[in-house]
Structure formats: structure tokens, C-alpha cells
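# model this:
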Amino acid sequence: MRSIKTTSGADLLLDGDLLAVLEALFHEVTAKRELGRSFEDLNREINHLIGQLTDEERRAYLAESLFLNQVKYENDKLEAYMRKIGKP
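Next up is the predicted model:
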């Protein structure tokens, strides 16, 4: 299995698990800066990681990202609907 590196040099194993990438981003950008990160900091790290991926890896991670975001979107919509119908 291949790995890439964060800007600080931490290894990130590419096993198709988007949540592992999100966890690495959290540790490398958010936690290390004690929640004092900016949009630019996070965007820079994301682009650094994307730049190390092959086209095939980018497609796979994009597909997983879209899937997870769609599920989150559907759950948010359902939650709002359930709150609406649950009001007296």
C-alpha cells in the first residue's frame, strides 16, 4: 500500500479510507494549531495531499467524498423533516 506525506512529514497510508484522510487533516491542521487554523491553512494542506495522489486515487477519494456528503445531506434533511413533524 502506498503512502503520502503531510506538509509536516507525517505518513498517510492510502487505503481508500476517506475518514483516515480527514483524521490526518484534523491532527495536522486543527489539533496542532489548537483550533487556531484558517481556511487557507486547511486548503493548503488538502491541496498538498491531493497533489501527491494519482488520477485514479483522486477519483476514488472524490467518489467516497461525494457518497459520504450525500449521506450526510440526506440525514440532515431527514432530521429537519422529523423535527418539523414532531412539533405540536
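
# hey, where'd the strands end up in this structure?
In the chain, the strands defined using DSSP state E lie at 3-5, 11-13.

# which other residues reach the last one?
Spelled out, it's strand 11-13. Met1, Arg2, Ser3, Ile4, Lys5, Thr6, Ala20, Val21, Ala24, Leu49 (CB atoms under 8 Å, 6 or more residues apart in numbering). Placement of C-beta: from N, CA and C, glycine included.

# just how off-centre is it within its chain?
14 Å (CA atoms, centre = their mean, to the nearest Å).

# and it, what's its mean pLDDT?
Mean pLDDT, computed over strand 11-13, is 95.

# Can you list the strands that it pairs with?
Paired neighbours of strand 11-13 in the sheet (DSSP bridges): strand 3-5 (antiparallel).

# Quick test: name the residue nearest the centre of the protein.
The chain has Leu22 as the residue nearest its centroid, 3.8 Å off, counting by CA atoms, centre = their mean.

# Give me the distance between it and Lys5.
Leu22 sits 17 Å away from Lys5, going by CB to CB, to the nearest Å.

# do Glu23 as well
15 Å.

# for the longest helix along the chain, packing partners?
Criterion DSSP state H: the longest helix present in the chain is helix 55-86. The contact analysis (3 or more CB pairs under 8 Å, 6 or more residues apart in numbering; DSSP states H and E) places helix 55-86 against helix 18-25.

# by contact count, what packs against the helix it packs on?
strand 11-13, helix 39-50, helix 55-86.

# coming back round to it: so how far is Arg33 from the residue nearest to the centre of the chain?
Note on Leu22: its distance to Arg33, by CB to CB, is 16 Å.
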